[in-house]
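Colleague: Pasting the sequence and the predicted model now:
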Amino acid sequence: MDFLDLSSVPAGSQFEADLVIVGSGPVGLAIVEEFRDSPVSVLVLESGRFSEEAQFEALNVTESLAEPRRDAVTRERRIRIHASSAPRWVDEAQPFGVRCRVFGGSSQLWAGKSATFDRIVFQKRDWVPHSGWPIAYETVAPYFDRAAQLLNLGPNCYDDRLWTMIGRRPQPAIDRSRMHSFFWQFSRSRVDKLDVMRFGRDFRHVKAGNVRVILNATVTNIDTNETGTMFEALDVSTIEGARSRVRGKFVVLACGAIETARLMLASRRQNRDGVGNARGVVGRFLMDHPGSKLGSFGTDDAEFVENCFGFCNVRHGGRAHMYMHGLSLSEETQRREGLLNCAIYMLAERAHDDPLDALKRILRRESVAVASDLIAIAAGAPMVGKGLAKRLLQSELIPEFAIDRVVDLVISAYPNFVAAEYLSSGLPHKLIGISVDGITEQAPDPANRVSLADRSDKLGVPLARVNWRVGDVERRSLARAGQIAAVELRRAGLPVPTLENWVAEDRLDEGIIVDMCHTGGTTRMSDDPSQGVVDANCRVHGISGLYVAGASILPTMGHANPTLMIIALAIRLADALKLQLTMKQ
């Protein structure tokens, strides 16, 4: 790919391509991959550069009118979940969601967790208002394997059928009409074998003579013809404010659910309500994955939890692939109790006297209790040594072929260890127990929305204003997932987690629920323009040449991390665009 910084060309420059993609995250680069070395000229516009910079992240400032709650406990949980993976993110600037302006987009911060959506997510459900996709599960399923190949994944199997591939009997022996096993797998980088896939790093050196990437190119406006029925051009700006113009036969907006809605709403030259917003739907039906701690296991039960609900490997294609085991509400339970698609998973909880945290404080001269930190380091000497060995593997002293073999071997033999390495940025930590966390889909609600704030960023684009609320059905679904899991584990004669008070006592309003930064729904897919922004082919209703890709088009989101699904949908869109562009050649 050819890279260009917009600041290196004169203001007022004109660019043209057959296909213009706004955003270089996983979805945008998945479409690029489908057109690589084709006769189609592709232009990718990325607001940021190769690494995160404060001046670009300032464009992500968001106003929040509702949740997540702004109390100290909720804020602390959001910071603990999000800050470690997004160093430029601050809760005050982004009180909802986490956005990155950088080549590679959101993959800069994700943990690599991947899974497909359950069939029920696509269906019209009487107890879930505005549910039902305009396309069937079977329409998207043929693209799952192509998406998995791009993500460097193993078999697309995420339910009890995976036990056969693992070579173990299903566990635990619970009533599968109430809950069943659910698995997530982790996307591994092809460049850094010790990390999950970061699209910016993995795709930066891909050879594609027909693809040009313009960095420092923030889209500030979408223009259509006077009647608003055909895409014409984009206004782009450097961070310093130098403007240029981009034209294309087709444009795909792939810049995230918040930014896509914000950009469409702010493009008001031809329609004062924004591009594609004649029915007032752009920005509405905002969704995320509400997540919360439901309970915990103590250290005495940690071994059981690791053996039963930890990480496992599947050999496929000559490689070991890592899967994480959890539990999901069965379709029967969802229908019987009117619950949402919901799952639980287990995460290790780090001790306050973790030796590697203590070592980092000492080395950075940030320790406020040197004696205590030195004692912690001495007590955890084997753990510190393990961390140093990991850093050695990351150095250039070990040849790449050897690293491949070591990583594959360790995944096969010690999948829980490898998972801990991924989830703790490559360093082992002292643990005090296992947290039982829940994640649920969100019922689509037009009142949950992205709109425009009164304030603007330095480029003159109004900031995003978010109104996001978690309803009773989301809270009840999370609580019931915890309660049912506890009952089923007890019935099976296994250790039972201590449930959080709000779960055990049905005090639903007291649950600490945060957004998991899986933002979607703001340009949802629907055959009815009054209920959605794009049609079943991802084209903005009534506007030829203008398409949207990414989680913003999802009508419902299930509980699974959305990256695999939105890449599958992006590949489907790419196939459709190939046909149209071939006809235009």
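Modeller: Great, that's in hand.

Colleague: ok, residue 88 touching residue 100?
Modeller: Yes - using C-beta atoms under 8 Å, residue 88 makes contact with residue 100 at a distance of 7.4 Å. Where you see a C-beta, it was placed from the backbone N, CA and C, and this is true even at glycine.

Colleague: Which one's more surrounded, these two?
Modeller: Legend: neighbour count by other C-beta atoms under 10 Å for residue 88 and residue 100, higher for residue 100 (25 against 22).

Colleague: Would you list the phi and psi of that one?
Modeller: With angles defined as degrees, to the nearest 10, residue 100 sits at phi -130, psi 130.

Colleague: Roughly how far does it sit from residue 86?
Modeller: 7 Å (C-beta to C-beta, to the nearest Å).

Colleague: Would you mind grabbing the residues shared as contacts by the two?
Modeller: Shared contacts of residue 100 and residue 86, defined by C-beta atoms under 8 Å, 6 or more residues apart in numbering, are found at 108-109.

Colleague: follow-up on the earlier one: name the residues contacting each of residue 88 and residue 100.
Modeller: Common contacts of residue 88 and residue 100, defined by C-beta under 8 Å, 6+ apart, comprise 52, 57.

Colleague: What's the end-to-end length of stretch 7-20?
Modeller: End-to-end distance of stretch 7-20 (C-alpha to C-alpha, to the nearest Å): 19 Å.

Colleague: got any ranges where the stretch 201-350 of the chain has weak pLDDT?
Modeller: Where the stretch 201-350 of the chain drops to pLDDT under 70, the residues are 350.

Colleague: Strands along that one, start to end?
Modeller: Counting by DSSP state E, counting those that start in this stretch, one finds strands in the stretch 201-350 of the chain at the ranges 211-215, 218-224, 231-237, 243-253, 290-297, 311-316, 319-329, 342-350.

Colleague: out of those, nearest to residue 112?
Modeller: With C-beta to C-beta as the measure, strand 319-329 is the member of the strands of the stretch 201-350 of the chain nearest residue 112 (9.1 Å).

Colleague: Now do that closest one: which elements does it pack against?
Modeller: Where contact means 3 or more C-beta pairs under 8 Å, 6 or more residues apart in numbering; DSSP states H and E, strand 319-329 is packed against strand 179-186, helix 302-309, strand 311-316, strand 342-350, helix 400-413, helix 415-423, helix 472-491.

Colleague: tell me which residues in the fourth one are buried?
Modeller: Neighbour-count burial for strand 342-350, with 16 or more other C-beta atoms under 10 Å as criterion, is recorded at 342-348, 350.

Colleague: again, but for stretch 470-477
Modeller: 470, 473-477.

Colleague: contacts for that stretch?
Modeller: For stretch 470-477, contacts defined as C-beta under 8 Å, 6+ apart pick out 67, 127-128, 290, 329, 338-340, 342, 440, 442-443, 445, 508-509, 511, 513.

Colleague: Can you say which of these are buried?
Modeller: Using 16+ other C-beta under 10 Å as the burial test, the contacts of stretch 470-477 include 67, 128, 290, 329, 339-340, 342, 440, 442-443, 445, 508, 511, 513 as buried.

Colleague: Which pLDDT value does the model give the residue nearest in space to the middle of the chain?
Modeller: The centre of the chain sits closest to residue 518, judged by C-alpha atoms, centre = their mean, with a distance of 4.8 Å. You'll see residue 518 listed with a pLDDT of 96.

Colleague: One more: residue 407?
Modeller: Residue 407 is assigned 53 on the pLDDT scale.

Colleague: And the one 10 residues further on, by the same measure?
Modeller: According to the per-residue confidence, residue 417 scores 48 in pLDDT.

Colleague: what does residue 380 give?
Modeller: With respect to pLDDT, residue 380 has a value of 54.

Colleague: rewinding a little: specify the local secondary structure of the residue nearest to the centre of the chain.
Modeller: Following DSSP: H, G, I helix; E, B strand; the rest coil, residue 518 is assigned to coil.

Colleague: what residues are up against it?
Modeller: Going by C-beta under 8 Å, 6+ apart, residue 518 touches 288-289, 551, 557, 561-562.

Colleague: With residue 166 instead?
Modeller: By C-beta under 8 Å, 6+ apart, residue 166 lies in contact with 312-314, 323.

Colleague: Just put these in CSV and tack on neighbour count.
Modeller: As requested, the contacts of residue 166 are exported to CSV (neighbours: other C-beta atoms under 10 Å):
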residue, neighbour count
312, 23
313, 24
314, 22
323, 24
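
Colleague: Once you drop chain neighbours, what's closest to residue 68?
Modeller: Excluding the flanking residues, the one nearest residue 68 by C-beta to C-beta, 6 or more residues apart in numbering is residue 514, at 4.9 Å.

Colleague: thinking that neighbour is in contact with residue 77, fair?
Modeller: Yes - with contact defined as C-beta under 8 Å, residue 514 counts as touching residue 77 (5.5 Å).

Colleague: Pick out whichever of those two has more residues nearby.
Modeller: It is residue 514, of residue 514 and residue 77, that has more neighbours when counted by other C-beta under 10 Å, with 24 against 17.

Colleague: In contact with residue 260, which residues?
Modeller: Counting by C-beta under 8 Å, 6+ apart, residue 260 touches 253-254, 522-523, 548, 550, 552.

Colleague: Let me fix that, I meant to ask about residue 216.
Modeller: 5-7, 46-49, 56, 238-239.

Colleague: What of residue 28?
Modeller: 21-22, 44, 105, 252, 254-255, 549.

Colleague: Which residue, other than its chain neighbours, is closest to residue 287?
Modeller: Among residues not flanking residue 287 along the chain, residue 521 sits closest, at 3.9 Å (C-beta to C-beta, 6+ apart).

Colleague: do the same with residue 163
Modeller: Nearest to residue 163 is residue 170, by C-beta to C-beta, 6+ apart, at 4.6 Å.

Colleague: Could you do residue 83 as well?
Modeller: Closest residue to residue 83 apart from its sequence neighbours, by C-beta to C-beta, 6+ apart: residue 89 at 6.3 Å.

Colleague: where does the stretch 351-500 of the chain dip in pLDDT?
Modeller: Within the stretch 351-500 of the chain, the ranges that satisfy pLDDT under 70 run 351-431.

Colleague: Could you dump the buried ones among the contacts of stretch 470-477 into TSV and include distance to residue 308?
Modeller: Listed next are the buried ones among the contacts of stretch 470-477 as TSV, based on distance: C-beta to C-beta, whole Å:
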residue	distance to residue 308
67	33
128	31
290	25
329	18
339	24
340	25
342	19
440	22
442	29
443	31
445	36
508	28
511	25
513	26
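
Colleague: Can you say which of the contacts of residue 260 are buried?
Modeller: 253-254, 522-523, 548, 550, 552.

Colleague: Greatest separation within those residues: which pair is it?
Modeller: 254 and 522 (13.2 Å).

Colleague: Can you show me the helices along the stretch 1-150 of the chain?
Modeller: 26-35, 54-57, 72-82, 137-140, 144-150 (DSSP state H, counting those that start in this stretch).

Colleague: Among those, single out whichever gets nearest to residue 493.
Modeller: Comparison of the helices of the stretch 1-150 of the chain against residue 493 by C-beta to C-beta identifies helix 72-82 as nearest, at 32.7 Å.

Colleague: what mean pLDDT does the closest one have?
Modeller: For helix 72-82, mean pLDDT rounds to 88.

Colleague: Export the contacts of residue 166 as CSV, with columns for distance to residue 217.
Modeller: Formatted as CSV, these follow (distance: C-beta to C-beta, whole Å):
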residue, distance to residue 217
312, 43
313, 41
314, 41
323, 38
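
Colleague: out of these, who's nearest residue 263?
Modeller: residue 323 (36.8 Å).

Colleague: how far away is the closest one from residue 186?
Modeller: For residue 323, the distance to residue 186 equals 8 Å [C-beta to C-beta].

Colleague: swap in residue 111?
Modeller: Taking C-beta to C-beta, one finds residue 111 at 7 Å from residue 186.

Colleague: Tell me which of the two has more neighbours.
Modeller: residue 186 (25 against 15).

Colleague: which ones are touching that one?
Modeller: 111-114, 196, 322-324, 419, 422.
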